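Visitor: Need a 3D model of the following:
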Amino acid sequence: MSTSTASEVVIERVPLWLAVAITVVISIPFGTLLHDYNLALWASFIAWAEYFALGAKPSALKYIWIAFPLGALSMAVFADVNDYFIIYMRWNPIVSAALWLFVFVGAAVYAMRFHPVLQTGSLPYFNGISMYLALYFGGIKPGAGAGPLTGDPFINAWILWIWVSLAGIFGGFLGWLNVQLTFPKKVKR
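Guide: Numbering: from 1, shown residues only. Here you go, the predicted structure:
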C-alpha cells in the first residue's frame with residue numbers, strides 16, 4: 001500500500017517581472033518628490049533584495065527592520081567620533097577615518113556573536129553599515145537621500161542614520177510589496 005501526500009506550490013498570478021516593474025514605479029515618489037526628505041532609493045533597493053535573499057517571507061522583515069538600522073547605528077557613532085577627531089583634534093581625515101573605521105567596524109562585527117538576529121540578519125546588518133558609509137563618504141546632500149541635513153556634522157550623523165534606516169526599512173517593505181503584487185496563490189499539486 002502506498003501513500004502519497006499532496007504538496008502545495010505557490011503560483012504567481014501576476015508575473016514577477018511585472019510586479020517588480022510596478023514596485024519600482026511605486027517607489028519613485030519616495031526618492032524624487034519629497035525634496036530634502038527624499039530617500040536614497042538605491043539603498044532601499046538593496047534592502048529589497050535582502051528580502052528575497054532571506055526567503056521572501058514576512059519573517060525576513062524582522063531581520064531587515066532590526067539589523068539594517070543597527071548596522072547603520074554603529075556607523076553613526078563612528079561618524080561622530082571621526083568628525084570630532086577631524087574637527088577638534090585636527091587629525092588628518094584619512095588617518096582618522098582609517099583608525100576609527102578599524103575600531104568601529106571591528107566592534108560591530110564582534111557584536112554579531114552575541115545576538116541571533118545579527119547572525120541570521122548578517123546581510124542586512126552589513127548592508128546597514130555599508131549604506132551608511134556610502135552616504136557618509138559620498139557627500140550626499142539633502143534631497144539626494146541623506147535627509148534634511150543641518151550645518152552641524154554631529155547632528156548630521158544622526159539625521160543620516162535616520163534616513164539610512166528609513167531607506168532600509170522601506171526596502172524591506174518594497175520586498176514584501178513585490179511578493180504581494182504577484183498575487184501568490186497556494187495550490188495543491
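Visitor: My guess is residue 32 contacts residue 39. True?
Guide: No. Counting by CB atoms under 8 Å, residue 39 is not a contact partner of residue 32; they are 9.6 Å apart. C-beta here means a position set from N, CA and C on the backbone, and glycine is covered the same way.
Visitor: Looking at the two, which is more packed in?
Guide: Counted by other CB atoms under 10 Å, residue 32 and residue 39 do not tie: residue 39 has more neighbours, with 25 against 12.
Visitor: is it true that the more buried one touches residue 168?
Guide: No. Counting by CB under 8 Å, residue 39 stays clear of residue 168, with 9.6 Å between them.
Visitor: Now do the strands in the protein.
Guide: For the chain, applying DSSP state E gives strands covering 8-12, 184-188.
Visitor: Quick check, central residue of the chain?
Guide: Geometric centre of the chain, nearest residue: residue 168, 2.9 Å, by CA atoms, centre = their mean.
Visitor: give me every residue that touches that one.
Guide: Taking CB atoms under 8 Å, 6 or more residues apart in numbering, we find residue 168 in contact with 43-44, 46-47, 64-65, 68-69, 72, 124, 127-128, 131.
Visitor: Repeat that for residue 82.
Guide: With CB under 8 Å, 6+ apart, residue 82 has these contacts: 96-97, 100-101.
Visitor: make it 7 Å
Guide: 96-97, 100 (CB atoms under 7 Å, 6 or more residues apart in numbering).
Visitor: The residue nearest to the centre of the chain and residue 128, how far apart?
Guide: Separation of residue 168 from residue 128 (CB to CB, to the nearest Å): 6 Å.
Visitor: for residue 28, same thing?
Guide: Taking CB to CB, one finds residue 28 at 23 Å from residue 128.
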